[in-house]
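Novice: Here's my sequence, what's the structure:
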Amino acid sequence: MAMASAMRIVLGLLTIVSVGMIIGAIRQLVFIQKLEDSYGESHFANDKEAEILRLGYVKPEILSWSPRIILLHNFLSAEECDYLRAIAKPRLQISTVVDAKTGKGIKSEVRTSSGMFLNAEERKYPMIEAIEKRISTYAQVPVGNGELIQVLRYEKGQLYRPHHDYFSDTFNLKRGGQRIATVLMYLTDNVEGGETYFPLAGSEECSCGGKMVVGICVKPNKGDAVLFWSMGLDGESDPKSIHGGCEVLSGEKWSATKWMRQKITF
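Specialist: Numbering: from 1, shown residues only. Below you'll find the predicted structure:
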């Protein structure tokens with residue numbers, strides 16, 4: 001009798017916690033939608049904050065609840081896209097992946113792009129500050145919890161095989177804790193292929209590098225951004241957040257990635 005009563009209490013507490021997490025996620029999406037519904041282009045002349053956040057331009061589209069994926073249309077301006085590419089181009093190097101044993105970056109056939117990270121000084125540039133503030137607002141994660149922005153270039157034939165953004169090693173968890181969310185921003189148009197592919201999100205077919213696959217494929221449109229969470233509502237790493245960059249068939253795919261952590265990173 002006592003055991004049954006204890007089990008009912010535990011189940012009741014778990015239900016309350018789960019409902020609370022779901023309500024929190026819904027509130028976050030409602031917050032974003034309210035931002036967009038409350039402002040328009042006419043506010044830009046006298047409202048610097050609205051201009052920084054591109055209120056009236058950014059349009060959120062929910063792609064999936066499990067894993068949580070939101071497509072943010074018009075997240076960056078054309079000027080911001082070109083600015084990030086201009087900073088990055090002279091410093092591009094062959095991309096690496098994180099070694100689970102050492103936590104260090106190593107070259108791998110899993111990722112065949114080239115890229116670079118903005119440095120701490122560039123983070124203070126007004127345009128970069130504006131982008132980071134916008135990321136923080138829409139992701140609802142403090143600016144200080146973000147890693148440095150990484151800019152990537154994928155040329156014809158290059159790709160990034162499906163992977164998780166959360167860490168499986170202890171080395172990378174020492175500074176900032178686990179990665180909880182990612183904002184992936186597209187910096188170019190006129191790219192064939194190069195979709196961002198979520199194989200465990202959805203059950204419909206989509207085109208990934210010219211091949212039909214099951215899942216969700218996001219086409220790289222200049223200025224759009226994909227916001228997705230690597231941690232579920234239970235606070236645990238979400239295996240369904242696995243994603244990859246499909247093969248580029250023609251053109252160049254440029255993107256900028258911002259990873260958000262559990263704790264302050266700088």
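Novice: Report the beta-bridge partner residues of Arg179.
Specialist: Arg261 (DSSP bridges).
Novice: I figured it hits Tyr166, correct?
Specialist: Yes. With contact defined as Cβ atoms under 8 Å, Arg179 counts as touching Tyr166 (5.1 Å). Where C-beta positions appear, they are placed from N, C-alpha and C, glycine not excepted.
Novice: what touches both of the two?
Specialist: Listed as contacting both Arg179 and Tyr166 by Cβ atoms under 8 Å, 6 or more residues apart in numbering are Ser230, Met231.
Novice: How is the nearest residue to Pro142 once chain neighbours are set aside assigned, secondary-structure-wise?
Specialist: In space, and not counting its chain neighbours, Pro142 is closest to Ser136: 6.1 Å by Cβ to Cβ, 6 or more residues apart in numbering. Counting by DSSP: H, G, I helix; E, B strand; the rest coil, the backbone at Ser136 sits in helix.
Novice: residues touching Ser136, list them.
Specialist: Listed by Cβ under 8 Å, 6+ apart, the contact set of Ser136 reads Pro142, Val143, Gly146.
Novice: do you know how far it is from Thr188?
Specialist: Counting by Cβ to Cβ, to the nearest Å, the separation of Ser136 from Thr188 is 24 Å.
Novice: How about Gly144?
Specialist: Gly144 is 29 Å from Thr188, by Cβ to Cβ.
Novice: between those two, which one's more packed in?
Specialist: Thr188 (20 against 13; other Cβ atoms under 10 Å).
Novice: Please identify the helix or strand for the more buried one.
Specialist: Using DSSP states H and E, Thr188 maps to neither a helix nor a strand.
Novice: Does anything pack onto the host helix or strand of Glu49? Which helices or strands?
Specialist: Take DSSP H and E as the rule and Glu49 turns out to sit in helix 48-53. Counting contacts by 3 or more Cβ pairs under 8 Å, 6 or more residues apart in numbering; DSSP states H and E, helix 48-53 is packed against helix 126-139.
Novice: Only C-alpha atoms, please: export the helix it packs on in PDB.
Specialist: Extracted as PDB, the C-alpha positions of helix 126-139 are listed here (Å, rounded to 0.1, in the frame of the first residue of the first chain):
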ATOM      1  CA  PRO A 126      28.900  46.600 -33.900                       C
ATOM      2  CA  MET A 127      27.500  44.300 -36.700                       C
ATOM      3  CA  ILE A 128      28.700  41.100 -34.900                       C
ATOM      4  CA  GLU A 129      27.300  42.400 -31.600                       C
ATOM      5  CA  ALA A 130      23.900  43.000 -33.300                       C
ATOM      6  CA  ILE A 131      23.900  39.500 -34.800                       C
ATOM      7  CA  GLU A 132      24.800  37.900 -31.400                       C
ATOM      8  CA  LYS A 133      22.100  39.900 -29.600                       C
ATOM      9  CA  ARG A 134      19.500  38.700 -32.200                       C
ATOM     10  CA  ILE A 135      20.700  35.100 -31.700                       C
ATOM     11  CA  SER A 136      20.400  35.500 -28.000                       C
ATOM     12  CA  THR A 137      16.900  37.000 -28.200                       C
ATOM     13  CA  TYR A 138      15.400  34.400 -30.500                       C
ATOM     14  CA  ALA A 139      17.100  31.400 -28.800                       C
END
